[in-house]
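J.: Model the following, please.
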Amino acid sequence: MADETAHPEVGGQAGPRLGRPRWGWELTLVAALALGQSAVYALVRLIDISTRGPLTEAQARLNVEASPRPWFDLVYQLLGIGFALVPVLLVLFLLNRDRVWAATGADLGGGPVALRGLGFRGSRKADAVRGEGAADIRPATTRMGFDLRRPGWDLGTGTALFLVIGIGTLGVYAAGRAAGLTAEILPNNLSAYWWTVPVLLLSAAKNGILEEVLLLGYGVDRLEKLRVRPWTIIVGLALFRASYHLYQGVGPFVGNVLMGLLFGWLYLRWRRVMPFVVAHTLIDAVGFLAPGILAAVDPL
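T.: Sure, this is the predicted structure:
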């Protein structure tokens, strides 16, 4: 799918120019393989439950038992978490492959699109690393800030985001339930075993890593290669993020749009995915381990 039109020589050899169709097809296939599948099922699930009766009478169950036998249930839970993270390894592989293409002299399509005039500072830092106007071919984890180079800042910033988003989530959930637009969310449906808490924490971390690496780290990179404008990226990814939460009702859809707008805007400024992984993990961990919080704000 590469455009074989040669660009000016690099290192004495002319490489192929990797055009927009390549990045578009890659992004589409990755989305369909990972979160896009969840979005389709979530939409069908919303139609299903909303045509049965009021949304307030429906339930969205998370972390459900896979077997009545504890050891097999544990195995199934760990397998589900492990295989869910395979798309993360795939996108890291694809992003690191950019370095191989660059070594052949391929034109990777350049960097961010006109970010400076819109108040985004991430491109300036990236340009200082890679050279003005050149493609960013650093290792994938470095490019998206999915590393431990700034643990204190990542943890502190992620915790602050958790507090802001967490409080907002409770408000949106309560309002959605009161308006009849949100199903009852039951975040923990596992029996109490010695491994229940560790598995719930792993599940929360899995959600944070999967969604933030795919949406922010990978999605932003590929959309920029497609020369999509920054605010279009932010809004598009926020809507996509919300789409696979539709099975919980309209309220969580709105809440995740707002969360996605904030996360996308901040990511384009910071170019570090770790604070968002931390925030997302903390949000889910608290929800999974303290399901009574949602029940406490439920007006029904």
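
J.: how about the helices in the stretch 201-300 of the chain?
T.: 220-225, 230-243, 250-270, 274-289, 292-297 (DSSP state H, counting those that start in this stretch).

J.: where in the stretch 51-200 of the chain is pLDDT low?
T.: 101-136 (pLDDT under 70).

J.: Please enumerate the strands of it.
T.: Using DSSP state E, counting those that start in this stretch, the strands of the stretch 51-200 of the chain run over 59-61, 184-186.

J.: Okay, Tyr225 and Val235: tell me how far apart.
T.: For residue 225 the amino acid is Lys, not Tyr. 18 Å (Cβ to Cβ, to the nearest Å). For the C-beta atoms, the positions are set from N, CA and C on the backbone; glycine is no exception.

J.: Same check on Ala183?
T.: Counting by Cβ to Cβ, the gap from Ala183 to Val235 is 25 Å.

J.: Gly59: neighbouring residues, count only.
T.: Gly isn't right for residue 59; it's Gln. 11 (other Cβ atoms under 10 Å).

J.: Just list whatever residues bridge to it.
T.: In this entry, Gln59 is beta-bridged to Glu184, by DSSP bridges.

J.: That one contacts Glu184, correct?
T.: Yes - counting by Cβ atoms under 8 Å, Gln59 touches Glu184, with 4.9 Å between them.

J.: so who does the residue most central in space within the chain touch?
T.: Nearest to the geometric centre of the chain sits Glu211, at 2.3 Å (Cα atoms, centre = their mean). Residues near Glu211 by Cβ atoms under 8 Å, 6 or more residues apart in numbering: 35, 241, 280.

J.: Distance check, the nearest residue to the last one once chain neighbours are set aside against Thr281.
T.: Just to be clear, that refers to His280. For His280, ignoring the flanking residues on the chain, the nearest one in space by Cβ to Cβ, 6 or more residues apart in numbering is Gly208 at 3.6 Å. Here Gly208 is placed at a distance of 4 Å from Thr281 (Cβ to Cβ).

J.: same thing with Asp73?
T.: In terms of Cβ to Cβ, Asp73 sits 22 Å off from Thr281.
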